[in-house]
Structure formats: C-alpha cells, structure tokens
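[1] pasting a predicted model and its sequence here:
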Amino acid sequence: MSMVPVIELRGAIPYGIASGLGVPLTFILAVVGNMLPIPVLVVFTRKVFEWLRTKSKWLDRFVIKLEAKADKNKEIVLRSEFIGLIILVAIPLPGTGAWTGALVAAMLDMRLKRALPSITIGVLLAGVIVTAITCGAVAVL
C-alpha cells in the first residue's frame, strides 16, 4: 500500500496498525514499500515525461500538471537541497512525500546518490510522525 502515490506510508501505517499488524512491523514494511519505487522515479522521470509528451495532448497536459506540482515545491528544496528535500518528504500532508520528493529531485536534475539519502531520511521522519499520530489516536479510542 505504501508504494502507491498519494497514499504512501501516510495511509499504510494507519491501515497496518488498524489491521492488527504490530507497530514495528508496520513501520518497517511501510518505509521499505514507500522507498522501493523512488530510485526508478528519480532516474527515469525526465525521460518518461519527454516520451509521454509526444504521445497525446491529454498526456502532455498531464505531464504539465505534474511539472507544475514539482515547481510549486521546488522553492523549499532549492533553499538547501539536502535539508529542503528532507523537509518536503517528511511533512505528512497531501502533496508531499517520497513520490513528490522524487519528482522534484528529477526536475532539479539531482543525482540519485544525492537525492536518495534525503528522501530516505524524509520518509523515516514521516513514518515516525504518522506512527506517533496513529498510536496516539488509537490510545485515545
């Protein structure tokens, strides 16, 4: 579930805990699942976008929307590339996360060896935040 864009670990952790998986196992599976597609996204996003833009007007408009989303989040990352990408990925809100971080890294032509550690730290931080919120909500119920 955490490999799916938008849902990512923000949805996988509450779902895993609510399904009865242990907190540590849920956390580990969600983080690993969230990180699996990231290297491929960072490396190939630009090439895939270029190819998609030539296939149809609808796909061209779709790519333009994705690039606009990356542009919207680019300022955070540009301030301090490494820390900015961590912050972008770590904030557990819609429109942020590992997929958005990978998209922004690709749009900024960041090398994988520079982007991957930032995205990984951001995912770990987001996982801790979401797990704490989820466990706190479960404790209240």
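    Yep, it's here.

[2] who touches residue 76 in this structure?
    84, 87, 88 (C-beta atoms under 8 Å, 6 or more residues apart in numbering). The C-beta positions use only the backbone N, C-alpha and C, and glycine is treated the same way.

[3] and those residues, which is closest to residue 55?
    Using C-beta to C-beta, the shortest approach to residue 55 within these belongs to residue 88, at 29.1 Å.

[4] does that closest one belong to a helix, a strand or coil?
    Per DSSP: H, G, I helix; E, B strand; the rest coil, the local secondary structure of residue 88 is helix.

[5] which helix in the protein has the most residues?
    The longest helix of the chain (DSSP state H) is helix 112-140.

[6] and that one, what's buried?
    112, 115-116, 118-127, 129-131, 134 (16 or more other C-beta atoms under 10 Å).

[7] what does stretch 12-23 give?
    12, 13, 14, 15, 16, 17, 21.

[8] among these, which lie within helices?
    Using DSSP H, the buried residues of stretch 12-23 in helices are 12, 13, 14, 15, 16, 17.

[9] how about TSV for those residues, with pLDDT added?
    Listed next are these as TSV, based on pLDDT from 0 to 100:
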residue	pLDDT
12	96
13	96
14	95
15	96
16	96
17	95
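
[10] make TSV from the buried residues of stretch 12-23 and add distance to residue 37 to it.
    Formatted as TSV, these follow (distance: C-beta to C-beta, whole Å):
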residue	distance to residue 37
12	13
13	17
14	21
15	18
16	18
17	23
21	21
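
[11] check residue 92 and give its pLDDT.
    pLDDT recorded at residue 92 is 88.

[12] need the three-state assignment for it.
    With three-state DSSP as the criterion, residue 92 reads coil.

[13] for residue 4, same thing?
    Under three-state DSSP, residue 4 comes out as coil.

[14] with adjacent residues omitted, what lies nearest to it?
    In space, and not counting its chain neighbours, residue 4 is closest to residue 11: 7.9 Å by C-beta to C-beta, 6 or more residues apart in numbering.

[15] state the pLDDT value of the one you found.
    94.
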